[in-house]
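S.K.: everything below, folded, please.
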Amino acid sequence: MAPLQILLCTLALATTATAFTTAPVRQFQRTQQLSPLFSDKDKGGGGSAIAIPKTKQTTTTVQKQKQKSGQKKKFKPSEPDLRSEEDFEDAPMFRLYLLGDEGDSQEHVVTRVFEVVEDCSEDDAATLFKSATQTGEAFMGKYPREIAEVYAEQLTRSDPIIYADVRDDAN
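M.R.: All right, here's what the predicted structure looks like:
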């Protein structure tokens with residue numbers, strides 16, 4: 001191991017010794033004379049001349065006069081075009097039913113129906129609960145399909161589940 005260390009040290013010293021030695025620098029001599037710079041004002045020589053622009057700058061202003069118009073046109077509002085009215089169809093309506101379940105507590109069902117269905121008060125929810133437990137189902141209202149399905153889905157996601165059904169109004 002010692003001969004390896006000696007070898008590495010001598011190699012390192014040899015490379016550093018050659019790295020810091022000065023190398024001869026060659027100097028080139030010019031064969032042509034440099035030409036002196038002349039300016040317009042001073043013919044004797046010196047630095048570069050400052051450029052003087054040969055163009056003149058003029059500014060003109062133009063004022064516009066207000067012209068009077070001969071007649072002002074009066075527009076009256078046009079009547080609406082009755083032919084362009086589009087006929088809109090009402091969305092098909094679906095019936096939402098609350099299904100009665102003997103395991104439901106009145107407080108839970110009334111609270112959830114009141115929270116979920118927008119146009120239902122607490123008194124209406126209590127009446128719906130009583131009707132659903134007596135007859136098996138209670139009609140809650142007519143709604144467009146998407147809204148009725150959202151109400152039914154939110155009621156069935158309650159804990160404990162409140163059963164609701166969506167039926168087509170045509171039946």
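S.K.: please pull out the lowest mean pLDDT helix or strand from the protein.
M.R.: Within the chain, no helix or strand scores below helix 2-19, which has a mean of 70 by mean pLDDT, DSSP states H and E.
S.K.: next secondary structure element downstream of that helix?
M.R.: strand 93-99 (DSSP states H and E).
S.K.: buried residues in that following strand?
M.R.: 94-99 (16 or more other C-beta atoms under 10 Å). C-betas here are computed from N, CA, C, even on glycine.
S.K.: also stretch 122-135?
M.R.: Quick answer for stretch 122-135 (16+ other C-beta under 10 Å): 124-126, 128-129, 131-133.
S.K.: low-confidence ranges in this protein?
M.R.: 1, 13-49, 53, 66-75, 80-85, 171 (pLDDT under 70).
S.K.: now do residue 128 against residue 164, distance only.
M.R.: Per C-beta to C-beta, to the nearest Å, residue 128 is found 10 Å from residue 164.
S.K.: mutual contacts of those two, please.
M.R.: 98, 140 (C-beta atoms under 8 Å, 6 or more residues apart in numbering).
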